[in-house]
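S.K.: 3D model of this:
(2 chains)
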Amino acid sequence: MSDKNLNKKSNLKSEGLKETSDTLLKDSWRKLKRNKLALVGMSIVILFIIVAILAPYLTPYDPVEQLIWTEGAAVKLAPPSADHLFGTDLYGRDILTRVIYGARISLQISIAAMSISVLIGIILGTLAGYYGGIIDDIISWIINVLYAFPFLLFVIAIVAFFPPSLILTFSAISLVYWMSIARVVRGQVLSIKEKEFVEAARALGVKDWKIMFKHILPNIIAPVIVQATLGMGSIIMIEASLTYLGFGTQPPTPSWGYMISAGQGYLAQGQWWWGVFPAIAIILTVLGFNLFGDGLRDALDPKSR
Amino acid sequence: MFAYFIRRTLGVIPVILGVILVVFILTTIVPGDPARIMMGQRGDPETLKLIRKEMGLDEPTHVQLVKFYKDVFTLNLGRSYRNNMTVIESIKSRLPVTATLAIGAMIIAVVLGVSIGIYSATHQYTWQDYLSMIFSLLGIASPVYFVGLIMVIIFARKLGWVPGTGLGNGEWIYYVLPILTLGVRPMALIVRLTRSTMLEVVHQDYVKTARAKGLKEKAVIYKHALKNALIPVITIIGLQTASLLSGVMLTETIYSLPGLGRLSIQAVTNRDFPIIRGVVLFMALVFVLANLLVDLSYGFFDPRIRYE
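M.R.: Numbers count the residues shown, from 1 in each chain, chains lettered A, B, ... in the order given. Next up is the predicted model:
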């Protein structure tokens, strides 16, 4: 066969591939659109991201400015009103503003932690699944060992001893979270590497790393996206739990978990707004990522086509 | 069957060795001199030197690591920097509270979760089904501490049915709210899982066969469908142990209960390294053993697994 023919053939092949992946995407989108809960989840997720990015433009107040010094006792734990839709806290800070900026912290930490987790998870998971043998043994051993620790305690044990910072928080979280991505990736790679197209590539003498990244990776992206979307909820939860317990991001930086712990003492006395609004923010955001992730899983699952 | 049990049990050993290694690394890399933390302001250089020598801190790291392995296997984990109790004593004295919480929450989660899940699946698209789905979606998304907070306000402060926080003299009534609080999340997960696996299973051929041969609906559901629907539920129970232990830390904090979770948080705040090592190690071992039990129980529930 001449080179020209080969080229033509591979062009044809790649066009075919493109077509199927296009229909797969369209198909998935069609299925996602039919799933009402998934759409609700997606809307919440989009709203969360928009709020986090546009925070300074959405509110006239500053998240850490204590208005009691300028406006007096009237803004001390003031109930929701037209001026302060979610009320104010003990120091006269606007709670809506702090919830909005809290979304920013949450999003920063969860996206950073998830990106690192996905990166490590894909690399180690692919290596383990593709090579098997001793490499798989070692990586799987690390995964099983780290999996054994209660993640909250593990993260606390890391963040508690170093000066608190955003970087420390998301690094610590990704240190325990990458395993769940790696597990998914490893399982997928194990099944895909047995497929004919991978064997064909290997028979043609394609290099290992090229097979992994050009042939296997595109086929495992969907389950990784699903796992990462679902994981965003877990990470937001971990981050809030950390600050609730007083670790991680430090006050006055607005963080949802910390706001709940600061406001909880006033809840029973009727000043519910300080603790309840950030809690609603957590519940909605986590719910959003869970519903969206579930929807994506159903939509991207080729078995349910 | 026997071979499967032995193989699974032996497979746990490298994981346990790794867990010990990670705990060692975790408490060795952190900044701060344990001798100084132990002595606080009192320590003069001579005493500090003596303590370092006594604790083996002046030895090279690999010697310390070998010593740590030895200590763990001889259950000689040292004493708390704070009150001089041995780590084993500290864990023993705190364990009953945590175990009561965790086991109680798990029992409630499984019993209620599976029942509600089955009910939902057999009454698909009724308002009860929707209600239980809403409950489980919210239960999964709600932070433990917020659930606890709301429960305290409603059931303790407003209705006065149960005491709020603390442990009183250890009467069972003090455990009711904490157990419910801790149980909400695993219960919500189990409801969802039971419902979805039941829905899958009832469409399988063997369930149709059971129906076709005239079995009563109850027998079909409980004898044929449920048995197979429970396998993923058992998996979740094993995996939930870890998040249950995380939940324990939060639950014990909001209810001020003297359990392992609060012990660990106090230890972290006080930099009480022997206690941190002990509790982290203990919790990880519990997780490993719980999952071993789950794996072994598959052998009973699903005979196919034994032969893999």
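S.K.: residues in contact with residue B:271?
M.R.: Residues near residue B:271 by C-beta atoms under 8 Å, 6 or more residues apart in numbering or on different chains: A:161, B:32, B:34, B:37, B:81. Quick note: C-beta positions are derived from backbone N, CA and C, even for glycine.
S.K.: I'd say residue B:133 and residue B:119 touch.
M.R.: No. Applying C-beta atoms under 8 Å, one finds residue B:133 not in contact with residue B:119, separated by 11.6 Å.
S.K.: Buried subset of the contacts of residue B:271, written for ChimeraX?
M.R.: Here is the ChimeraX selection string for the buried members of the contacts of residue B:271, based on 16 or more other C-beta atoms under 10 Å in any protein chain shown:
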select /A:161 /B:34,81
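S.K.: Mind putting the contacts of residue B:271 into TSV with distance to residue B:2 and secondary structure?
M.R.: Below are those laid out as TSV (distance: C-beta to C-beta, whole Å; DSSP: H, G, I helix; E, B strand; the rest coil):
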residue	distance to residue B:2	secondary structure
A:161	46	coil
B:32	49	coil
B:34	46	helix
B:37	49	helix
B:81	46	coil
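S.K.: Spell out which residues of the stretch 1-150 of chain A are next to chain B.
M.R.: Taking C-beta under 8 Å from any C-beta of the partner chain as the contact definition, the stretch 1-150 of chain A meets chain B at A:141, A:142, A:144, A:145, A:146, A:147, A:148, A:149, A:150.
S.K.: Inside helices: which ones of the residues you listed?
M.R.: A:141, A:142, A:144, A:145, A:146, A:147 (DSSP state H).
S.K.: related to what we said a few turns ago, and which of the contacts of residue B:271 is nearest residue A:34?
M.R.: Taking C-beta to C-beta as the measure, residue A:34 lies nearest residue A:161 of the contacts of residue B:271, at 49.5 Å.
S.K.: how close does the closest one sit to chain B?
M.R.: From residue A:161 across to chain B, the span is 4 Å (C-beta to the nearest C-beta, to the nearest Å).
S.K.: For the residue of the stretch 1-150 of chain B found nearest chain A, give me its contacts.
M.R.: Using C-beta to the nearest C-beta, residue B:18 is the residue of the stretch 1-150 of chain B that sits closest to chain A, at 3.4 Å. By C-beta under 8 Å, 6+ apart, the residues touching residue B:18 are A:141, A:142, A:144, A:145.
S.K.: can you do 7 Å?
M.R.: Contacts here follow C-beta atoms under 7 Å, 6 or more residues apart in numbering or on different chains; on that basis residue B:18 touches A:141, A:145.
S.K.: The stretch 151-300 of chain A: strands as residue ranges?
M.R.: Taking DSSP state E, counting those that start in this stretch to define them, one finds no strands in the stretch 151-300 of chain A.
S.K.: Please, where are all the helices along it?
M.R.: Assigned helices in the stretch 151-300 of chain A, in chain order: A:151-159, A:166-192, A:196-203, A:208-210, A:217-244, A:256-267, A:273-300 (criterion: DSSP state H, counting those that start in this stretch).
S.K.: Also chain B?
M.R.: Using DSSP H, the helices of chain B run over B:2-28, B:34-39, B:45-55, B:61-73, B:87-122, B:127-141, B:144-151, B:173-201, B:205-212, B:217-219, B:226-254, B:260-270, B:273-301, B:303-306.
S.K.: closest to residue A:131 out of these?
M.R.: Residue A:131 sits nearest to helix B:2-28 of all the helices of chain B, at 19.0 Å, using C-beta to C-beta.
S.K.: what angle separates the closest one from helix A:151-159?
M.R.: Interaxial angle, helix B:2-28 versus helix A:151-159 (axes from the mean of the first three to the mean of the last three C-alpha atoms, to 10 degrees): 30 degrees.
S.K.: if I look at the nearest residue to residue A:220 once chain neighbours are set aside, how far off is chain B?
M.R.: Once flanking residues are discounted, residue A:220 sits nearest to residue A:188: 4.1 Å by C-beta to C-beta, 6 or more residues apart in numbering or on different chains. For residue A:188, the distance to chain B (C-beta to the nearest C-beta) stands at 19 Å.
S.K.: Quick one: neighbours of residue A:188, just the number.
M.R.: Close neighbours of residue A:188, defined as other C-beta atoms under 10 Å in any protein chain shown, add up to 21.
S.K.: quick one: contacts for residue 234?
M.R.: Picking chain A for this. Counting by C-beta under 7 Å, 6+ apart, residue A:234 makes contact with nothing.
S.K.: I was after chain B.
M.R.: Contacts for residue B:234 (C-beta under 7 Å, 6+ apart) come out as B:294, B:297, B:301.
S.K.: Do you know the pLDDT at the closest residue to the second one other than its chain neighbours?
M.R.: Think residue B:297. Once flanking residues are discounted, residue B:297 sits nearest to residue B:234: 6.1 Å by C-beta to C-beta, 6+ apart. On pLDDT, residue B:234 comes in at 82.
S.K.: How about residue B:298?
M.R.: Note on residue B:298: pLDDT of 77.
S.K.: quick one: it and chain A, what's the gap?
M.R.: Using C-beta to the nearest C-beta, residue B:298 is found at 17 Å from chain A.
S.K.: Kindly report the same for residue B:170.
M.R.: From residue B:170 over to chain A the distance is 25 Å, taken as C-beta to the nearest C-beta.
S.K.: can you list the weak-confidence ranges in the stretch 101-250 of chain A?
M.R.: Scanning the stretch 101-250 of chain A for pLDDT under 70 picks out nothing.
S.K.: Swap in 90 and give it another go.
M.R.: A:147-154, A:157-166, A:176, A:191-199, A:202-203, A:205-209, A:212-215, A:218-219, A:222, A:246-250 (pLDDT under 90).
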